[in-house]
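In: predicted model, plus sequence, below.
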Amino acid sequence: NCFVHQAGPPSPRNPPTSARIAFLQGERKGQENLKKDLVRRIKMLEYALKQERAKYHKLKYGTELNQGDLKMPTFESEETKDTEAPTAPQNSQLTWKQGRQLLRQYLQEVGYTDTILDVRSQRVRSLLGLSNSEPNGSVETKNLEQILNGGESPKQKGQEIKRPSGDVLETFNFLENADDSDEEENDMIEGIPEGKDKLRISKHKIGNEGLAADLTDDPDTEEALKEFDFLVTAEDGEGAGEARSSGDGTEWDKDDLSPTAQVWGADQGLIKELYIMNITLWGMIADLGDDELPHIPSGIINQPRSASTKVTEHEGARGEEAEPITFPSGGGKSFIMGSDDVLLSVLGLGDLADLTVTNDADYSYDLPANKDAFRKTWNPKYTLRSHFDGVRALAFHPVEPVLVTASEDHTLKLWNLQKTVPAKKSASLDVEPIYTFRAHIGPVLSLAISSNGEQCFSGGIDATIQWWNMPSPSVDPYDTYEANVLAGTLVAHTDAVWSLAYSGIKNQLLSCSADGTVRLWNPQEKLPCICTYNGDKEHGTPTWVDFIGCDPAHMVASFNTGSAVIYDLETSQSLVTLSSQVDSGLQSGSHINRVVSHPTLPVTITAHEDRHIKFFDNKTGKMIHSMVAHLDAVTSLAVDPNGIYLMSGSHDCSIRLWNLDSKTCVQEITAHRKKLDESIYDVAFHPSKAYIASAGADALAKVFV
Amino acid sequence: MVMAEGAAVLRRNRPGTKVQDFYNWPDESFDEMDSTLAVQQYIQQNIRADCCNTDKILEPPEGQEEGVWKYEHLRQFCLELNGLAVKFQRECHPDTSHKTPKECPAIHYTRHTLDGAACLLNSNKHFLSRVSIKESSVAKLGSVCHRIYRIFSHIFDEYENETFLCHRFTKFVMKYNLMSKDNLIVPILGEEVQNSVSGESEA
């Protein structure tokens, strides 16, 4: 008999055995512990958030933000009092209430409206088998009471049965009523709902959508949330199989009338909410976008229980950063799964690293002003269409809405985003080039613009570096007069020039070539090549170069052997070797396609052919973090001018934006079609405007706003 | 660069690749190419294999839509002419018509024409997709050919033996009737131009 659709009392069932009661109680304890963990986590996050708000407020307004007591939350001993559960209902109820108050407060804070809560309470209701077909609320709640009390003499079971039912109803309370009071809850225990509950019940239809669907549109998050289904998955053991429920409750076992199992179902919803809040709070903290973000080591996100080890690594890397927030470790085994590992895999936000969020509505937070460089969602706006073959490199002008592209069609082109061509068919605008640079023979592979935007440099397969004077952004594309655009040619390399980097501090240019050398140039001088590095190819063939952002006397070069090396520019000494373990079985798997230096922190980031992005400490050379970032080789990297976000491009046809603190992906954009096995060659941030761009093998460059 | 044995072939020119190792992968048949840019890939592959074999390069694979075939070939011509224009610019010597290479009218004309062709061939209005092309847009290809041909009349010279570019272009416009024979004034192919039967399908 399916009690979900019943209007009357359920048919008599076998009374639960004491063994089964014990088992279910144990599982319930596990649930409680789980919840405790999550609440604790959320307290820590809230603390971090408060800290961050305080800092931000202080920085912005110069005064302290009044947030009340900013104590670091402390946690009592983890030991669960075994005596607590069945024999001390009073304590347990207090714990429940406190926990629920806290959760309610958090939910309100993150902006969960009553509507959402209503929908969720509706879900819980459907889980518990209440139908909404009756307009008369009181009949329903009577049903609820009867169902919960098993249709038999509940008094025989004494407190064991009564307490859980009270908790279930209290759960409803939590979900529905923002301004709950103690009196209401007590009333609920007696089984008579408040008037407003009745109204709410009749307002909404029952839907069978999973809780996950209510929370977010993101299918990946849904996937992650479905992991919580394990909480009521069939288990070995007496009676466990009866309490089966999928994410949308359609498989709710109709035969199980145990109130504890029903509470379990309600708890599942609660735990999902806690998990969502967890994510939300992280998102909020991450998006504050202040330079002084509290140092939240990635270790905490990926491995909450082993936070201690990762924190140390990170601390080492980040020297003078703010005191990292650490979690008290351990405690609270999950009885359900019997090991911490599975708990870890569920709670660990390692999964989140793969989540892609394109809808940031839930993460909105009142950031005043200056959203320019802190945008969370980028949308395609301009398509730069004129090259005949893949665009290998692109660079923005330092201040103007202008960029330069370098292509395998032997040319470079100058584009002004304010000169667009009307395109009827698509929302994005087509841009025509205003100037074409011709001097290379063969594909142009690399590009760098001087810091004042007046010159640019390009390197090609013809081993030359061409030095150009940038035409004005308002030049007429069809002007016959040819100004002195080509300023000169730097000749020294004997093979393809793959990478160029410009430093405005000394007006110097760095280049690396397939001939094995890295060279430093001072273009103005008569003999422009000042220095040559790796002349003996001791590190392999260089693939990319960059000046070190926080120390312009240093530079970093990546090599096809999988390591990167930091050099002292003046002494030519190699100072530090940044190497990661090569665990890829592929010969070219460790090949580094790109290396970038963080603009302000002593951190270097590499993009690998084996899909990884790796982070290194410049001082020690140790790898701070490694992640599988894409489905195929990562080809390009760019750090935003404020050092908060990382952008990566890959041959998997996608661009990803990452928050550098949390190392989580905040947006993924699909762009560029494949030619052969290549797709995206380069990505870039505008140094001072809210533009990002990508360059592809499909001969297009795209600009996003 | 081809990967180690046992791994799948990846047709990539990664950073650090030497010039001599570029495109160092086995050829693919047209049917094996699963990219939307397969036509371009195929044409470029055949040119790399043997740039003198103009007939093979111009022969479309079975079932290939002719409009797209002609379009992609024109793109490839413009691409190669970019390089040729640069070579010409380097070799350009002063004479009576101009004193510096910068003033050379041939170079000006070449650059201007190639820029214009790039604009037209990439225009959203006419050639939005590289996979299918409207009939009305295909008609535009003829005018592009006229202008590009004039570049050859300016700079046909020693590069021809390296690239066979003018040969190929002349055959191309004849094969697809993109220009009338009277306009083919560049003194190449001599009798071939006179004797060839332009029985190919119309544009």
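Out: Okay, I see it. Numbering: from 1, shown residues only, chains lettered A, B, ... in the order given.
In: leaving out chain neighbours, which residue sits closest to the residue nearest to the spatial centre of chain B?
Out: With distances taken as CA atoms, centre = their mean, B:Phe77 lies nearest the centre of chain B, 1.9 Å away. Of all residues not flanking B:Phe77 in the chain, B:Phe169 sits nearest, at 5.9 Å (CB to CB, 6 or more residues apart in numbering or on different chains). All C-beta spots, glycine's among them, are computed from the backbone N, C-alpha and C.
In: and if you look at A:Val491?
Out: Leaving aside its sequence neighbours, A:Val491 sits nearest to A:Thr464 (CB to CB, 6+ apart; 5.8 Å).
In: re earlier: now do the same for the residue nearest to B:Phe77: helix, strand or coil?
Out: Following DSSP: H, G, I helix; E, B strand; the rest coil, we place B:Phe169 in the helix state.
In: could you do A:Val596 as well?
Out: Classified using three-state DSSP, A:Val596 is strand.
In: how much space between it and A:Asp546?
Out: Remark: distance between A:Val596 and A:Asp546 (CB to CB, to the nearest Å) = 5 Å.
In: give me the pLDDT value at the residue nearest to B:Phe77.
Out: For B:Phe169, the model assigns a pLDDT of 88.
In: where's the residue nearest to the centre of chain B, which helix or strand?
Out: B:Phe77 is part of helix B:66-91, with elements assigned from DSSP states H and E.
In: may I see the buried residues of that helix?
Out: By 16 or more other CB atoms under 10 Å in any protein chain shown, the buried positions in helix B:66-91 come out as B:67-89.
In: what's the average pLDDT for stretch B:79-87?
Out: Computed over stretch B:79-87, the mean pLDDT rounds to 88.
In: kindly apply the preceding question to stretch B:35-55 instead.
Out: pLDDT averaged over stretch B:35-55 gives 92.
In: returning to that earlier point: contacting residues around the residue nearest to B:Phe77?
Out: B:Phe77, B:Ile148, B:Tyr149, B:Phe152 (CB atoms under 8 Å, 6 or more residues apart in numbering or on different chains).
In: most surrounded residue in the residues you listed?
Out: Highest neighbour count within the contacts of B:Phe169: B:Phe77, with 26 neighbours (other CB atoms under 10 Å in any protein chain shown).
In: what residues are up against it?
Out: Taking CB under 8 Å, 6+ apart, we find B:Phe77 in contact with B:Ile148, B:Leu165, B:Arg168, B:Phe169, B:Phe172.
In: let me know the angle separating the helix or strand where the first one lies from helix B:66-91.
Out: When elements are assigned from DSSP H and E, B:Ile148 belongs to helix B:141-155. For the pair helix B:141-155 and helix B:66-91, the angle between their directions (axes from the mean of the first three to the mean of the last three CA atoms, to 10 degrees) equals 20 degrees.
In: elements contacting helix B:141-155?
Out: Here helix B:141-155 touches helix B:66-91, helix B:105-121, helix B:165-175, going by 3 or more CB pairs under 8 Å, 6 or more residues apart in numbering or on different chains; DSSP states H and E.
In: what's near enough to touch the nearest residue to A:His387 once chain neighbours are set aside?
Out: In space, and not counting its chain neighbours, A:His387 is closest to A:Ser407: 4.1 Å by CB to CB, 6+ apart. Listed by CB under 8 Å, 6+ apart, the contact set of A:Ser407 reads A:His387, A:Phe388, A:Asp389, A:Gly390, A:Val391, A:Arg392, A:Lys413, A:Pro443, A:Val444, A:Ala699.
In: what bridges to A:Ser407?
Out: Beta bridges link A:Ser407 to A:Val391, judged by DSSP bridges.
In: please report the distance of it from A:Ile605.
Out: Computed with CB to CB, the distance linking A:Ser407 and A:Ile605 is 26 Å.
In: what's the answer for B:Phe88, then?
Out: From B:Phe88 across to A:Ile605, the span is 43 Å (CB to CB).
In: what's the answer for A:Leu38, then?
Out: A:Leu38 is 32 Å from A:Ile605, by CB to CB.
In: neighbour-wise, which of those two wins?
Out: The residue with more neighbours, out of A:Leu38 and A:Ile605, is A:Ile605; 26 against 20, by other CB under 10 Å.
In: surely the more buried one touches A:Val639?
Out: Yes: the criterion here is CB atoms under 8 Å, and A:Ile605 meets it with A:Val639 at 7.3 Å.
In: output the below-cut-off pLDDT ranges for chain B.
Out: In the predicted model of chain B, residues B:1-7, B:93-98, B:101-102, B:155-163, B:187-203 satisfy pLDDT under 70.
In: give me that answer again for 80
Out: The model of chain B has pLDDT under 80 over residues B:1-8, B:89-106, B:124, B:128-131, B:153-164, B:184-203.
In: one more: the stretch 451-600 of chain A?
Out: The model of the stretch 451-600 of chain A has pLDDT under 80 over residues A:476-484, A:580-589.
In: ok, 90 please
Out: Scanning the stretch 451-600 of chain A for pLDDT under 90 picks out A:472-485, A:506, A:526, A:534-539, A:552, A:579-590.
In: so where do the strands sit in it?
Out: A:455-460, A:464-469, A:486-491, A:497-503, A:508-513, A:518-521, A:529-533, A:542-547, A:554-559, A:563-568, A:574-579, A:592-597 (DSSP state E, counting those that start in this stretch).
In: mind putting these into JSON lines with mean neighbour count?
Out: JSON lines is the format used below for those (neighbours: other CB atoms under 10 Å in any protein chain shown):
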{"stretch": "strand A:455-460", "mean neighbour count": "25"}
{"stretch": "strand A:464-469", "mean neighbour count": "22"}
{"stretch": "strand A:486-491", "mean neighbour count": "15"}
{"stretch": "strand A:497-503", "mean neighbour count": "25"}
{"stretch": "strand A:508-513", "mean neighbour count": "26"}
{"stretch": "strand A:518-521", "mean neighbour count": "24"}
{"stretch": "strand A:529-533", "mean neighbour count": "18"}
{"stretch": "strand A:542-547", "mean neighbour count": "27"}
{"stretch": "strand A:554-559", "mean neighbour count": "26"}
{"stretch": "strand A:563-568", "mean neighbour count": "22"}
{"stretch": "strand A:574-579", "mean neighbour count": "18"}
{"stretch": "strand A:592-597", "mean neighbour count": "26"}
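In: so which of those strands comes closest to A:Ala48?
Out: Closest to A:Ala48 of the strands of the stretch 451-600 of chain A is strand A:592-597 (CB to CB; 27.7 Å).
In: quick one: list the elements packing against the closest one.
Out: Packed on strand A:592-597, when contacts are counted by 3+ CB pairs under 8 Å, 6+ apart, are strand A:542-547, strand A:554-559, strand A:563-568, strand A:603-608, strand A:634-639.
In: figure out which of these is closest to chain B.
Out: For the helices and strands packed on strand A:592-597, proximity to chain B was assessed by CB to the nearest CB; strand A:542-547 is nearest, at 4.0 Å.
In: ok, residue 61 - how many residues close by?
Out: Unless you meant another one, I'm taking chain A. Using other CB under 10 Å, A:Tyr61 has 10 neighbouring residues.
In: nope, chain B please
Out: Per other CB under 10 Å, the neighbour tally for B:Pro61 reads 13.
In: my read: A:Pro443 touches A:Ala393, true?
Out: No: A:Pro443 lies out of contact with A:Ala393 (CB under 8 Å); the separation is 10.4 Å.
In: give me the more crowded residue out of those two.
Out: A:Ala393 (25 against 22).
In: just the CA trace of the helix or strand encompassing the more buried one, in PDB.
Out: Secondary structure assignment for A:Ala393, by DSSP H and E: strand A:391-396. Below are the C-alpha coordinates for strand A:391-396, written out as PDB (Å, rounded to 0.1, in the frame of the first residue of the first chain):
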ATOM      1  CA  VAL A 391      45.500  33.500 -34.600                       C
ATOM      2  CA  ARG A 392      48.400  32.500 -32.500                       C
ATOM      3  CA  ALA A 393      48.700  35.500 -30.200                       C
ATOM      4  CA  LEU A 394      46.900  38.600 -29.200                       C
ATOM      5  CA  ALA A 395      47.500  41.500 -26.900                       C
ATOM      6  CA  PHE A 396      45.500  44.500 -25.700                       C
END
